[in-house]
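**Student:** Need coordinates for the following:
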Amino acid sequence: MSKPKVFEKPIGVKDYLPGAVAKLRHIERDVLACMKGWGYEQIITPTMEYYDTVGVASSTSDQKLFKLLNNRGTTLVLRSDMTAPIARVVSSLLKESQFPLRLSYHGNVFRSIEEESGREAEFFQTGVELVGDASAEADAEVVALAIASLKAAGVDRFKIAIGHVGFLNGLFEETLAGRDEAQEQLKACLLNRDYVGYRESLRGLELEEPVQRELEGILRLRGGQEICEQALQLSADATAQQSIRHLCEIWDVLKAYGVCEHVLIDLTMIGDFSYYTGMTFEGYAADLGFPVASGGRYDNLLSQFGRPAPATGFALKTTRILELIGAEEDTAGATRVLIGYDGEGRAEALAEAQQLREKGTAVITERMTAEDWKELSEGSFTYKGVTYTKGLPFIGGVDKATGGSRQ
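**Tutor:** Residues are numbered from 1 along each chain as shown. Below you'll find the model as predicted:
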């Protein structure tokens, strides 16, 4: 393998230039403010965790974890999601805190990827975890907050598809009892949205006609509240029935929130994480083929850290939202002031710059001659690659400094 060039970086990671960083921070700030308004408090966890704790409990498959050894030979991982680290904190530093806990976060996560997949190995997430509440009200709250957060991030057109892993588990157990391999094969097709492969797999199982028709029928179970009624007629399995009733309750709460226009029920949804135990959902924005939000209920995770508790939450794919709304910085109303000075006027110019900065103005200071400044001060001008217009009085050692606002 050839040595990388000095300007190369590993596959799957990105450099973010100033405009993109400004927009990303804007998204982060507005979304976290939205979450705070719903009573969620921000938490920060380490970038590195122990493999034997957070790594093993993570939703990410072992092959996708970035692993490294510390100087004592202990295996560490770069965090691949935020949920497992927060579960660790809830079970340790927050073990005396009463449930429910409402926690928010923003951070970068890491997942090893195939080079040809084109996916990012490092990306940013902003999300929440609601721990200690098993109700449909809690599930509806995180869905409604996901909708509010997407709006706060600047995403205007999107849909949230919600499902329930219990429905498919119950239906498959009723129709394919004892055929675990067949169940996993069908679930894999649904997870990858491979509906053609799902139908082909069904035909390969040589099922009785009524069962074949029933399992094919779930591909049509996408829509509004009426889907719940149809699903109740599809399976008599107790787990499937209970799951659908839970979804009906969630829908009723979402109706009270007034957000059902953004929601559809999709009973082919099974979630991408093995620890999901109930409701699961994904958010899809118009004009983008990948989900910009995902979440669901994971009632078994915290027991791995010694504090069993129900939990539900979601994460926004912040970097995908950046791609969607554009990375260019909005400079409308922003100002950048240039203050020129010579040796005699340095102290006065720097003091003036500090006063402007305290008022929220971005200021660049530059030592120059009065003659240099006069050449720039007529109308708009470009100085070292930045365009300014005549604005503030000139301040300097000889004349009195001046400044301008960036176009």
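
**Student:** CA atoms for contacts and neighbours, from now on please.
**Tutor:** Will do.

**Student:** ok, the most centrally placed residue in the chain - contacts?
**Tutor:** Nearest residue to the geometric centre of the chain (C-alpha atoms, centre = their mean): residue 316, 2.2 Å. Going by C-alpha atoms under 8 Å, 6 or more residues apart in numbering, residue 316 touches 125-127, 146, 150, 292-294.

**Student:** Out of these, who's the most crowded?
**Tutor:** Most neighbours among the contacts of residue 316, by other C-alpha atoms under 10 Å: residue 127, with 29 neighbours.

**Student:** Show me what the closest residue to it other than its chain neighbours bridges to in the sheet.
**Tutor:** Leaving aside its sequence neighbours, residue 127 sits nearest to residue 315 (C-alpha to C-alpha, 6 or more residues apart in numbering; 4.0 Å). Beta-bridge pairing for residue 315 (DSSP bridges): residue 127, residue 294.

**Student:** what's the spacing between residue 315 and residue 142?
**Tutor:** Residue 315 sits 10 Å away from residue 142, going by C-alpha to C-alpha, to the nearest Å.

**Student:** Quick check: which element contains residue 144?
**Tutor:** Element membership for residue 144 (DSSP states H and E) is helix 136-152.

**Student:** is it fair to say residue 49 lies in a helix?
**Tutor:** No - under DSSP: H, G, I helix; E, B strand; the rest coil, residue 49 sits outside any helix and is assigned strand.

**Student:** Contact partners for it?
**Tutor:** 55, 76-79, 85.

**Student:** one more time with 10 Å, if that's ok
**Tutor:** 55, 67, 75-80, 84-85 (C-alpha atoms under 10 Å, 6 or more residues apart in numbering).

**Student:** which is the next helix or strand following the host helix or strand of residue 34?
**Tutor:** Here residue 34 sits within helix 18-37, counting by DSSP H and E. Downstream of helix 18-37, the first helix or strand assigned by DSSP H and E is strand 41-42.

**Student:** Direction included, what does that following strand pair up with?
**Tutor:** Its sheet considered, strand 41-42 pairs with strand 101-110 (parallel) by DSSP bridges.

**Student:** so residue 251 is in which element?
**Tutor:** Per DSSP H and E, residue 251 falls inside helix 238-257.

**Student:** which secondary structure elements does that helix contact?
**Tutor:** Helices and strands touching helix 238-257, as assessed by 3 or more C-alpha pairs under 10 Å, 6 or more residues apart in numbering; DSSP states H and E, comprise helix 136-152, strand 158-164, helix 165-175, helix 226-234, strand 263-266, strand 279-285.

**Student:** Quick check: buried residues in that helix?
**Tutor:** Within helix 238-257, the residues that count as buried by 16 or more other C-alpha atoms under 10 Å are 239-254.

**Student:** coming back round to it: ok, and what's touching the helix holding residue 34?
**Tutor:** The contact list for helix 18-37, computed with C-alpha under 10 Å, 6+ apart, reads 15-16, 38-42, 102-107, 124-128, 145-146, 148-154, 316, 318-319, 321-323, 325-331.

**Student:** Can you flag the buried ones in these?
**Tutor:** Buried subset of these (neighbour count, 16+ other C-alpha under 10 Å): 40-42, 102-107, 124-128, 145-146, 148-154, 316, 318-319, 321-322, 327.

**Student:** wait, what's in contact with the nearest residue to residue 132 once chain neighbours are set aside?
**Tutor:** Nearest non-adjacent residue to residue 132, counting by C-alpha to C-alpha, 6+ apart: residue 100, 4.5 Å away. Residue 100 is in contact with 129-134, 138, 309-311, counting by C-alpha under 10 Å, 6+ apart.

**Student:** Kindly provide the distance from residue 207 to residue 201.
**Tutor:** Distance, residue 207 to residue 201, using C-alpha to C-alpha: 11 Å.

**Student:** same thing with residue 212?
**Tutor:** 11 Å.

**Student:** Likewise for residue 305?
**Tutor:** 38 Å.
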